[in-house]
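Q: just the structure for this:
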Amino acid sequence: MTPRINPITPRLGWDVLSPTQLEQIHEATLDVLETVGVRFPSERALDVLEKNGCGVDRATQMVKLPRAVVMEAVSAVPDSYVLAGRDPACDMLIDGRHCYLSNDASGVFVRDHHSGEKRPSTKADAATSARFVDALPNVSFCWGPAVTSQDVPPATKALHDAEAVFTNTAKHFQTVTTVGELPARYLVEMAAVIAGGSDALRTRPILSFMQCTVDPLAHDGPNLEANLVAAEHGLAGGFMPMPLAAGTGPATLAGTLVIQNAGTLSGVVLLELAQPGVPAFFSGAPSVIDLTTGGYTGGSPEDYLLAAAANQLAYFYGVPMAMGTMATGACAHKRTMSSNTGTVKPLASSVIATTCESFGMFGGISNCTGVDERAGACRLICRSFTTPPLISEICSRAVTVRSRSDMFVTVTGIEVSCTT
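A: Residues are numbered from 1 along each chain as shown. Here you go, the predicted model:
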């Protein structure tokens, strides 16, 4: 019988940072958090942080987080927890020994698989993408959804997205489109009804939340509010910085890594101060700026180094990591998948397969569903429903490597010094 999900239990290891370099990035991050601070544009968040000994400037909404507060809060993250599916066979044990892949998320266009036409995505497309997730064992949970409901009122779009997912897959759902306190409360109520009540949802959390940060060194108010609601109900949450080297981060990879680390670390600190012991995770998708457009690359060689280093940092703190992988944005070609995709996706998969032992990653976010199309300096995400089975097969072949070797690889790829 085909398993419902295929956890990765890696035996390979790939370190791009030495122990000394890890300490340097850690110390630089704590220095930034304590002396520069992070912007938290939410009165509720500011109240939590101020109550717990952080320096809060209400006028600028900047918060300076003492290193003792940071480290005590991070130590409260549970050593293990379960992200449940409606089908228990889809439960994901987050224990530092397993890695799980998901689909990519938040597309706003689809390439119609009947006509080939590019068009805005609909709620029906969100439902179709959820059925793909449910059918592919290599895709262990639904992140997103893969495409969003562009044919419904914006104020309730996240709830329509959630309904499309919940009714079309029994796997765990991690929402990335729910922002603001009220939508988050409605979504938690929806999940509680499905789970059998609030207590049942807390016991078997079929829902978790992920939010993006505003790089560099800032959060978004509605995103903070949504994750605080999740924490109230014992649901896992995390924050995903996406700093661009030479754009929204320093030009050096080490400097960008500090911005990445400060962003995700500060978010987890807030959640643990608000609800000590709540399940939480790090996240990230650091990249480098596309110097021809000013846009986000995704899939550049530097991305793999940054991802591997961020994963090492998550292991350093003992916190699960959700890290992007299998992106091909740096080599995307308009209207078609790039000829480089066949090379880049296996390479990216191998990077994840060789680093997830080091950090207990639960959310290696497989770009299973898409072609990225450029629009000036922006990338409008367009999904193709013919792509997931192909990418799932690539993933299967790549992760097989990690189960057949005890090799440990050390790569020196990021220069870390007081000047970088």
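
Q: surely Arg172 meets Trp143?
A: Slight slip there: residue 172 is His, not Arg. No - using CB atoms under 8 Å, His172 is not in contact with Trp143, being 9.2 Å away. All C-beta spots, glycine's among them, are computed from the backbone N, C-alpha and C.

Q: so how many other residues sit close to Ala59?
A: Burial of Ala59 is recorded as 6 neighbouring residues (other CB atoms under 10 Å).

Q: residue numbering should commence at 50 henceforth.
A: Got it, first residue is 50 now, which makes that one Ala108.

Q: low-scoring stretches of the stretch 300-449 of the chain, by residue?
A: Low-confidence segments of the stretch 300-449 of the chain, defined by pLDDT under 70: 375-449.

Q: parallel or antiparallel, list what pairs with the helix or strand hosting Ser332.
A: Secondary-structure assignment from DSSP states H and E places Ser332 in strand 329-333. Its sheet considered, strand 329-333 pairs with strand 286-289 (parallel), strand 370-374 (parallel) by DSSP bridges.

Q: got a markdown table for those, with distance to Pro115 and mean neighbour count too?
A: Shown next, in a markdown table, are the strands paired with strand 329-333 (distance: least, CB to CB, whole Å; neighbours: other CB atoms under 10 Å):
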| stretch | distance to Pro115 | mean neighbour count |
| --- | --- | --- |
| strand 286-289 | 20 | 26 |
| strand 370-374 | 24 | 27 |
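
Q: tell me which of the ones you listed lies nearest to Ser466.
A: Each of the strands paired with strand 329-333 has some distance to Ser466 by CB to CB; the shortest is strand 370-374, at 24.6 Å.

Q: how about the CA coordinates for that closest one, as PDB?
A: As requested, C-alpha coordinates have been extracted for strand 370-374 and formatted as PDB (Å, rounded to 0.1, in the frame of the first residue of the first chain):
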ATOM      1  CA  MET A 370      13.300  25.000  10.400                       C
ATOM      2  CA  ALA A 371      11.000  25.500   7.400                       C
ATOM      3  CA  MET A 372      13.300  26.300   4.500                       C
ATOM      4  CA  GLY A 373      12.700  26.800   0.900                       C
ATOM      5  CA  THR A 374      14.100  24.400  -1.700                       C
END
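
Q: report the distance from it to the chain centre.
A: The chain centre lies 5 Å from the centre of strand 370-374; the measure is CA atoms, centre = their mean, to the nearest Å.

Q: hmm, back to that, I'd like the next helix or strand past the strand holding Ser332.
A: strand 336-337.

Q: and the angle from the lengthiest helix in the chain to strand 329-333?
A: Identified as the longest helix of the chain according to DSSP state H is helix 302-323. Per axes from the mean of the first three to the mean of the last three CA atoms, to 10 degrees, the angle that helix 302-323 makes with strand 329-333 is 160 degrees.

Q: what about the residue sitting furthest away from the middle of the chain, which SS state?
A: Within the chain, Ser164 marks the point farthest from the mean C-alpha position, 32.2 Å out by CA atoms, centre = their mean. Following DSSP: H, G, I helix; E, B strand; the rest coil, Ser164 is assigned to coil.

Q: what's the pLDDT at it?
A: At Ser164, the model reports a pLDDT of 87.

Q: list the contacts of it.
A: By CB atoms under 8 Å, 6 or more residues apart in numbering, no residues touch Ser164.

Q: tell me the mean pLDDT for stretch 80-97?
A: 98.

Q: return the distance of that stretch from the chain's centre.
A: 21 Å.

Q: what's the span of that stretch, first residue to last?
A: In stretch 80-97, first residue to last residue: 21 Å (CA to CA, to the nearest Å).

Q: report the buried residues of that stretch.
A: For stretch 80-97, a neighbour-count test (16 or more other CB atoms under 10 Å) marks 81-83, 86-91, 93-95, 97 as buried.

Q: among the residues you listed, name the ones in strands.
A: Judged by DSSP state E, strands contain the following of the buried residues of stretch 80-97: Val87, Arg88.

Q: from the buried residues of stretch 80-97, which is closest to Gly298?
A: Val81 (11.7 Å).

Q: the closest residue in space to the closest one that isn't next to it in sequence: what's it in contact with?
A: Leaving aside its sequence neighbours, Val81 sits nearest to Ala311 (CB to CB, 6 or more residues apart in numbering; 5.0 Å). Listed by CB under 8 Å, 6+ apart, the contact set of Ala311 reads Thr78, Val81, Leu82, Val87, Leu266, Pro290.

Q: make it 6 Å
A: Thr78, Val81, Leu82 (CB atoms under 6 Å, 6 or more residues apart in numbering).

Q: got TSV for these, with distance to Glu274 too?
A: Below are those laid out as TSV (distance: CB to CB, whole Å):
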residue	distance to Glu274
Thr78	25
Val81	24
Leu82	21
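
Q: tell me the bridge partners for Cys148.
A: Ile57.

Q: setting aside sequence neighbours, what's the nearest residue to Gly287?
A: In space, Gly287 is closest to Phe330, 4.1 Å off (CB to CB, 6+ apart).

Q: what's around that neighbour, how many residues?
A: Phe330, neighbours per other CB under 10 Å, totals 29.

Q: how about the helices in this structure?
A: So, for the chain - with DSSP H - the helices run 68-80, 92-100, 116-123, 172-184, 206-215, 230-244, 247-252, 270-281, 302-323, 350-366, 390-404, 436-451.

Q: looking at those, spot the one closest to Arg53.
A: Closest among the helices of the chain, using CB to CB: helix 172-184, at 8.6 Å.

Q: so for the closest one, what's the average pLDDT?
A: 94.

Q: mind putting the buried residues of stretch 80-97 in JSON lines, distance to Asp144 included?
A: Output for the buried residues of stretch 80-97, formatted as JSON lines (distance: CB to CB, whole Å):
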{"residue": "Val81", "distance to Asp144": "30"}
{"residue": "Leu82", "distance to Asp144": "28"}
{"residue": "Glu83", "distance to Asp144": "31"}
{"residue": "Gly86", "distance to Asp144": "34"}
{"residue": "Val87", "distance to Asp144": "29"}
{"residue": "Arg88", "distance to Asp144": "34"}
{"residue": "Phe89", "distance to Asp144": "31"}
{"residue": "Pro90", "distance to Asp144": "35"}
{"residue": "Ser91", "distance to Asp144": "32"}
{"residue": "Arg93", "distance to Asp144": "31"}
{"residue": "Ala94", "distance to Asp144": "29"}
{"residue": "Leu95", "distance to Asp144": "34"}
{"residue": "Val97", "distance to Asp144": "28"}
